[in-house]
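Asker: give me coordinates for this.
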Amino acid sequence: MSPLSSHPNPLLRSWHFAEGVPGPNLWYRTLRSFFQVTMSAVWKVRVFNRHYEPASGGAAYICNHQSFLDPMLMSLALRRPMNYMARDSLFRTPGFKQLIESLNAFPVRRGTADTGAIKEAMRRIKKGHQIVVFPEGTRTHDGKIGPFLPGVALLSQRAAEWTVPVLIDGAFEAWPRSQKLPRIGNVTVQYAPPIHRSEARSYDTEQFIQRVRRTLIDMQADARRRAGRVELHYE
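Answerer: Numbering: from 1, shown residues only. The predicted structure is shown next:
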């Protein structure tokens, strides 16, 4: 197997980004540093190919969903700030609502075609921000990557300049949805080459969804081989 890179995009090494590229505020940077230290102290987190983070342009990160840890894990090593779609029930708790909003989260109604959330995501992307989407709509029951909801194609084909597939593996073993508390484990986060808007638009909606999902499944198989985990079989 070829070695994987673990260095950032050279154009994002400093905190002075290109003109028009939104950067993280001090609060966001502080919280991200806190999570980098605390999460690395509990789990062995290995991040690969973070140089695929686009240096400019609105971007949609399409990530599989294994655990409650995923929003922090997928953006842990990125330089540009991330915006998060989070289920609306999380915004009903005073204090926690203000915390996640300060980290660029906005609500989405799970299990419905929430056009308001999609429009908000598109608005932020068009302003040059980065959005993370968990297109399965819920955490996995068995570690596998489930079917994708179609809204992800709207963001990639109509708004985002770049679409970046992101694979998280090992978080399911560390904190499955059937378990109240996490346990120690090894976690892999891996980014795929970004897909430009022109390429995303060359597919119809279903083709694009399957293209991204297939990329994540292939990345997961490779990541599990590298980590010595049991292979997951898909039909």
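
Asker: who does residue 164 form a beta bridge with?
Answerer: For residue 164, the residues forming beta bridges with it (DSSP bridges) are residue 61.

Asker: going forward, begin numbering at 299 instead of 1
Answerer: Will do, 299 is the new start, and the previous item becomes residue 462.

Asker: now the helix or strand bottoming out on mean pLDDT in the chain - C-alpha only, PDB.
Answerer: Taking mean pLDDT, DSSP states H and E as the measure, helix 449-452 is the helix or strand of the chain with the lowest mean score, a mean of 88. Once side chains and other backbone atoms are set aside, the C-alpha atoms of helix 449-452 remain, and they are given as PDB (Å, rounded to 0.1, in the frame of the first residue of the first chain):
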ATOM      1  CA  GLY A 449     -29.900  16.600  -0.300                       C
ATOM      2  CA  VAL A 450     -26.200  16.300  -0.300                       C
ATOM      3  CA  ALA A 451     -26.200  16.500  -4.100                       C
ATOM      4  CA  LEU A 452     -27.900  19.900  -4.000                       C
END
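
Asker: hmm, who's touching it?
Answerer: Identification of contacts with helix 449-452 by CB atoms under 8 Å, 6 or more residues apart in numbering yields 358, 360, 411, 416, 420, 431, 433, 498, 503, 506, 507, 510. The way it works is simple: take the backbone N, C-alpha and C, and place the C-beta from them, glycine included.

Asker: now with 10 Å?
Answerer: For helix 449-452, the surrounding residues in contact (CB atoms under 10 Å, 6 or more residues apart in numbering) are 358, 360, 383, 406, 411-413, 415-417, 419-420, 431-435, 458, 461, 498-499, 501-507, 509-511.

Asker: and residue 368, how many neighbours does it have?
Answerer: In terms of burial, residue 368 registers 23 neighbours under the definition other CB atoms under 10 Å.

Asker: quick one: furthest residue from the center of the protein?
Answerer: Ranking residues of the chain by C-alpha distance from their mean position (CA atoms, centre = their mean) puts residue 392 at the top, at 25.5 Å.

Asker: who's in contact with it?
Answerer: If a contact means CB under 10 Å, 6+ apart, then residue 392 has no contacts.

Asker: so it lies in a helix, does it not?
Answerer: No - for residue 392, which was evaluated using DSSP: H, G, I helix; E, B strand; the rest coil, the result is coil, with no helix membership.

Asker: on the three-state scheme, residue 345 is what?
Answerer: Under the three-state scheme (three-state DSSP), residue 345 adopts strand.

Asker: next, count neighbours for it.
Answerer: Close neighbours of residue 345, defined as other CB under 10 Å, add up to 19.

Asker: equivalent analysis for residue 377, please.
Answerer: Residue 377 has 20 neighbours, counted by other CB under 10 Å.

Asker: now residue 405, what are its backbone angles?
Answerer: Main-chain torsions, residue 405, degrees, to the nearest 10: phi -80, psi 150.

Asker: please name the nearest non-neighbouring residue to it.
Answerer: Once its chain neighbours are removed from consideration, residue 405 has its nearest residue in residue 386; the separation is 4.0 Å (CB to CB, 6 or more residues apart in numbering).

Asker: before we move on, what about residue 471?
Answerer: Taking CB to CB, 6+ apart as the measure, residue 471 lies nearest to residue 483, with 5.2 Å between them; neighbours along the chain are not counted.

Asker: the protein: helices as residue ranges?
Answerer: Listed in chain order, the helices of the chain (DSSP state H) span 324-340, 368-373, 394-400, 413-424, 449-452, 469-472, 495-498, 503-525.

Asker: could I get the buried residue list for the first one?
Answerer: Neighbour-count burial for helix 324-340, counted by 16 or more other CB atoms under 10 Å, picks out 326, 330, 333, 337.
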